[in-house]
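Chemist: No sequence on hand, only this structure:
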């Protein structure tokens, strides 16, 4: 079984400009390029993959396409969180059958007021009981408005099939508490590149970072520097890449990331409506930030 520490990137889903359908050829080209980097593996159908925008048959096709392009020794994590337990388990089983090494399960969020720690804990336990592959918790409060409490994380970490979590927020105190209150072999991955350095210093085992789609070597190096105790050098590297990390993250989102991918030779393409492509002004901002990194 894999130990899911390291650096992953949550890959985008390319769509054809002509008809908006999934562009499998573009995906294959992107994956081949990522597989030539030191990334630990890929996350498919995460937030940056526009997972909520895909039909179930499309989602299954994306998973199969990516797995076919990845060596077996490179782990593929698949986002399978849905609003119901039934749908989450079904998506998890399909992903496992298509070659997922583990699944990333976001918190349900439509009925926010009812998503208490106890409810979420029961949900994850029942999903993990039924999952044929390991489960990672996925806390992405910026999109769901729901946060998984550290108490629940600590208890869920005792489940033999729940092996880690991705924390996409920038609450370093929450991350540190999750690290402190879970076993050493429970993996905590940072999801925000703007606080990646700080999350590693707080004890995170790596990251699932959009920035790693563009600069995988940088993200891997920053982790290595922190592990080696080269804190000043790691801090400077974080500062250098924070502007572009912010642009392709919370500022411009998926549209910004796809624009950056296009500018760096990947197939980014348009997001799926109702999301809109980045404006020319945004593209110019991102282009300047990328140029600044090359000077």
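Modeler: Looks like it arrived, so ask away. The structure presented is a predicted model; accordingly, all values stated were derived computationally and were not measured.

Chemist: So what's the gap between stretch 204-213 and the chain middle?
Modeler: 7 Å (Cα atoms, centre = their mean, to the nearest Å).

Chemist: mean confidence for it?
Modeler: Averaging pLDDT along stretch 204-213 gives 98.

Chemist: tell me how far the ends of it are from each other?
Modeler: Taking Cα to Cα, to the nearest Å, stretch 204-213 runs 19 Å from one end to the other.

Chemist: quick one: least confident helix or strand in this structure?
Modeler: Every helix and strand in the chain was compared by mean pLDDT, DSSP states H and E; the lowest is helix 141-144, with a mean of 91.

Chemist: Please name every helix or strand in contact with it.
Modeler: Here helix 141-144 touches no other helix or strand, going by 3 or more Cβ pairs under 8 Å, 6 or more residues apart in numbering; DSSP states H and E. For the C-beta atoms, the positions are set from N, CA and C on the backbone; glycine is no exception.

Chemist: Would you mark the buried spots in that helix?
Modeler: 141, 144 (16 or more other Cβ atoms under 10 Å).

Chemist: just how off-centre is that helix within its chain?
Modeler: 13 Å.

Chemist: on contacts alone, who are the packing partners of the longest helix anywhere in the chain?
Modeler: Of all segments of type helix in the chain, defined using DSSP state H, the longest is helix 231-246. Where contact means 3+ Cβ pairs under 8 Å, 6+ apart, helix 231-246 is packed against helix 196-201, helix 211-214, helix 216-227, helix 280-293.

Chemist: could I get the ones you listed as TSV with distance to residue 244 and mean neighbour count?
Modeler: What follows is the helices and strands packed on helix 231-246, written out as TSV (distance: least, Cβ to Cβ, whole Å; neighbours: other Cβ atoms under 10 Å):
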stretch	distance to residue 244	mean neighbour count
helix 196-201	12	23
helix 211-214	7	26
helix 216-227	10	20
helix 280-293	5	14
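
Chemist: okay if I get the ones you listed as JSON lines plus distance to residue 77?
Modeler: Formatted as JSON lines, the helices and strands packed on helix 231-246 follow (distance: least, Cβ to Cβ, whole Å):
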{"stretch": "helix 196-201", "distance to residue 77": "18"}
{"stretch": "helix 211-214", "distance to residue 77": "13"}
{"stretch": "helix 216-227", "distance to residue 77": "16"}
{"stretch": "helix 280-293", "distance to residue 77": "26"}
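
Chemist: Out of the ones you listed, which gets nearest to residue 4?
Modeler: With Cβ to Cβ as the measure, helix 216-227 is the member of the helices and strands packed on helix 231-246 nearest residue 4 (13.8 Å).
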